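J.: quick one: sequence plus predicted model below, questions after.
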Amino acid sequence: MKVRSVQHEMLPETTVDDRSRQAAVVSLRRLLNTQVRPRNVELYEREGRPAWERRHGRAPETAEEIRAAFFESRRYRFWSATHRAAQEMIWIAAGEPVFRDLERLEATAERLASSPERRGGLELAPAGYVPPGEVADVDIHLQPGGYAMTRSARDVACGALYENGGNVFAFGQGLGKADSKAGAVIRHLEGARPGLKPRRILDLGCSAGGAACHYAAYYPDAEVHAVDIGEAMLRYAHARAESLDVRVFFHQMNAADLRFRDGEFDLVVSHNLLHEIGRDNRRAMMREAFRVCEPGGLVVHQDVPTRFEPTPVRQVERAWDTRFNGEAHWSTYSGDDLLADMGAAGFPPEALEETRLDKVAGPGGWYLVLGRKPG
Amino acid sequence: MKAAEAIVTLASLTRGPRPFSFENREAEEVLNVALALLVELGVAFDRIDRLERLLAERTGISLDDLRATDYDGAAGAERQAARDALMARVLRIALDARVPSDGRG
C-alpha cells in the first residue's frame, strides 16, 4: 500500500489554490534541500570556522562550538532562517484546509468508527492517563500543538495535520509518492527471511497509522495493533484505516509502558520513534518491545540515518533540527549505542543486526536495528 | 471555519520558543513575510497559467500565441503606467520624504 498518495475519506477538501500553495512550499524546500543545504559544510570550512577561530584564537572543538561556528557564516544563517520559515509554512499550507474542513472530518470519523462494517478498533487510555511530556509538550517538526493535541472528544485535527503536513514535508525532501518506511522494512525482512508471515504485529509510535495500515494490507491474515500517545491522533488513524478498509486496532498507550501481555506479538516494529523520545523512555520502550515479543519473534526499529554522518561537523550540521525543528532527542539518538541498548533490553549479541536500508522511493536511506528474541 | 480563521488558529496552537538565525530578528521577520509572498506568487502564477490554458482551449488561439501577445501603442502605454504605479506602491518607503529617526526613545 502506498502511504503518501493514498486517497481516503479523512483527507480534507482542498482547492486548486491549496494544492498550488503546498506545491510552492514543496518547491521551496526541494531547492533548499538539494541546492542550498549541501553547501553548509563548505560554508563552515570557508567562512564559519575561520571567523570563529579569529574570535577565539583556536579551532572549535565541542559540538556547541562547531554549532556556533556555523552561525558565523552569513549564508548559513540565511539557509537556517529560510529553512525554519519553510518548515513553518508546511503547517500553514497543509493545515489551512484541515481546519476549514474540520467539522466534516470529525463527522466522517464518527461515522467510520461506529459503522457496523468497521474492521478495527480504537481503545483509549484509562482515566488518569497522562501522555509523556517529553513528546506531548513539544511541537515535534513544528507541528502546531504537537502529537498529543486533543481539543475535544471528536477532535481529529492532530492526525490530519500529521498526515497532510508529512506529505508536504516528504515531497520537499525529494521522496516519491511510493515512499514508505514500512515498505522498506518489509523489503528487508523478505530478503533476510523469505516466507516470513507474521501473525500478530505491533507498531509502536504509529502516529496517523500510515505504517500500520501498510502492514495490515501487506499481511492481510495478520492482526495488527498500533499504539501512540494522543487521542485525536489515534481517532484520525482509526478512521483513516477504516476508510482504507484495513483492520488495525489502535491503542492509546505509552510505548515505554505497554498494557499488552508478555509474548503477544511475533513482529514488533517502530518507525522513526527512536529519535522522538529521550534516552530513558527509549530504553524502556526497547525493553517493552522485547517483553511483548514472543520467543522466536522479531523486533525492528527503523529510524533516520543521521547516525551514519561521518564527521562531527556533519553531525552538527544534521543536528540543526534539535534546536530549530522541535527534535529535542535528535543528538542523543544519533550518538547513543543502540546495539548496546537492545542488548540490555534482552537480546543476545548474535540475535542483533544493525544496518542501513535504502528508501523505497527517493534519495537517502534509513537506519535499522533488528533483534530476534531467542526461543 | 473560514480560511483566515484557520490560519489564525494554526498560529495560535504553536508552542515553544521561536529561535532566530539572523543577527537581527526584525530582518528575519521580514524574510518570513517575503517567503510567504513568494509562495502566494506561486499560487497566482499557477492561476494565470490555468486561465491562459482555458482561454486557449475556448478560443482556439494557441497557448504559445497567447503568451507571445505583446502590447504596443495605447495599450502598451497603459500597461507601462500601471507598472510604474505598482513600483511606486511597493517602494513607497524609498520615496518617503521624511528623515528617518529612532522612534523608540
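T.: Received it, and whenever you're ready, just let me know what you need. Residues are numbered from 1 along each chain as shown, chains lettered A, B, ... in the order given.

J.: wasn't A:A239 part of a strand?
T.: No: in this structure, A:A239 is helix, not part of a strand, as judged by DSSP: H, G, I helix; E, B strand; the rest coil.

J.: A:A160 is in contact with that one, correct?
T.: No: at 9.8 Å, A:A239 and A:A160 do not qualify as touching, with contact defined as Cβ atoms under 8 Å. In short, each C-beta sits where N, CA and C put it, glycine included.

J.: can you pull the residues that touch both of those two?
T.: With Cβ atoms under 8 Å, 6 or more residues apart in numbering or on different chains applied, the overlap between the contact sets of A:A239 and A:A160 consists of A:M10.

J.: please see if the helix or strand harbouring B:L35 touches chain A.
T.: Assigned by DSSP states H and E, B:L35 belongs to helix B:25-59. Yes: counting by Cβ under 8 Å from any Cβ of the partner chain, contacts between helix B:25-59 and chain A involve B:28, B:31-32, B:35-36, B:38-40, B:42-43, B:46-47, B:50.

J.: in the stretch 1-150 of chain A, which spans are helices?
T.: Chain-ordered helices for the stretch 1-150 of chain A, with DSSP state H, counting those that start in this stretch as the definition, fall at A:16-31, A:40-43, A:49-56, A:63-70, A:74-100, A:102-114, A:133-136.

J.: tell me which of these is the most buried.
T.: Ranked by average neighbour count under the criterion mean count of other Cβ atoms under 10 Å in any protein chain shown, these are headed by helix A:74-100 at a mean of 22.

J.: distance from that helix to the middle of the chain?
T.: For helix A:74-100, the distance from its own C-alpha centre to the chain's C-alpha centre is 18 Å (Cα atoms, centre = their mean, to the nearest Å).

J.: packing partners for it?
T.: On a contact count with 3 or more Cβ pairs under 8 Å, 6 or more residues apart in numbering or on different chains; DSSP states H and E, helix A:74-100 meets helix A:16-31, helix A:40-43, helix A:157-172, helix A:320-324, helix B:3-13, helix B:25-59.

J.: among those, which comes closest to A:R200?
T.: Distances from A:R200 to each of the helices and strands packed on helix A:74-100 were compared using Cβ to Cβ; the minimum, 23.9 Å, belongs to helix A:157-172.

J.: check which helices and strands the closest one sits against.
T.: Identification of packing neighbours for helix A:157-172 by 3+ Cβ pairs under 8 Å, 6+ apart yields helix A:16-31, helix A:74-100, helix A:102-114, helix A:231-243.

J.: export these to a markdown table and tack on mean pLDDT and distance to A:N325?
T.: Formatted as a markdown table, the helices and strands packed on helix A:157-172 follow (pLDDT from 0 to 100; distance: least, Cβ to Cβ, whole Å):
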| stretch | mean pLDDT | distance to A:N325 |
| --- | --- | --- |
| helix A:16-31 | 94 | 12 |
| helix A:74-100 | 96 | 6 |
| helix A:102-114 | 98 | 25 |
| helix A:231-243 | 98 | 19 |
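
J.: quick one: closest of the ones you listed to A:P38.
T.: Proximity of the helices and strands packed on helix A:157-172 to A:P38 was assessed by Cβ to Cβ; the nearest stretch is helix A:74-100, lying at 10.2 Å.

J.: could you give the angle of the closest one to helix A:157-172?
T.: Here helix A:74-100 points in a direction 140 degrees away from that of helix A:157-172 (axes from the mean of the first three to the mean of the last three Cα atoms, to 10 degrees).

J.: now the strands for the stretch 151-300 of chain A?
T.: A:200-204, A:223-228, A:248-252, A:265-271, A:293-303 (DSSP state E, counting those that start in this stretch).

J.: run me through the strand neighbours of the first one, direction for each.
T.: Strand partners for strand A:200-204, identified by DSSP bridges, are recorded as strand A:223-228 (parallel), strand A:265-271 (parallel).

J.: do the same with the longest one
T.: Within its sheet, and counting by DSSP bridges, strand A:293-303 is paired with strand A:265-271 (parallel), strand A:365-372 (antiparallel).

J.: any idea which helix or strand comes after it?
T.: Trace forward from strand A:293-303 with DSSP H and E and the next one is helix A:312-318.

J.: so what touches that following helix?
T.: Defining contact as Cβ under 8 Å, 6+ apart, one finds that helix A:312-318 is touched by A:40-41, A:44-45, A:63, A:66-67, A:70, A:306, A:309, A:330-331, A:334-335.

J.: need these in CSV with distance to chain B and pLDDT, can you?
T.: Putting the contacts of helix A:312-318 into CSV (distance: Cβ to the nearest Cβ, whole Å; pLDDT from 0 to 100) gives the following:
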residue, distance to chain B, pLDDT
A:N40, 12, 97
A:V41, 17, 97
A:Y44, 14, 98
A:E45, 19, 97
A:A63, 16, 94
A:I66, 16, 97
A:R67, 12, 97
A:F70, 10, 98
A:T306, 19, 85
A:E309, 21, 84
A:W330, 14, 89
A:S331, 16, 87
A:S334, 20, 90
A:G335, 21, 89
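
J.: between those, which is closest to B:A56?
T.: Where the contacts of helix A:312-318 are concerned, and distances follow Cβ to Cβ, B:A56 has its nearest neighbour in A:N40, at 43.6 Å.

J.: does the closest one touch A:Y76 like I think?
T.: Yes: with contacts defined as Cβ under 8 Å, A:N40 counts as touching A:Y76 at a distance of 5.8 Å.

J.: what is in contact with those two at once?
T.: A shared contact of A:N40 and A:Y76, defined by Cβ under 8 Å, 6+ apart, is any residue touching both; here these are A:F70.

J.: coming back round to it: minimum distance to A:F171: which of the helices and strands packed on helix A:157-172 has it?
T.: Put simply, out of the helices and strands packed on helix A:157-172 the one that sits nearest A:F171 is helix A:16-31, at 4.6 Å, with distance taken as Cβ to Cβ.
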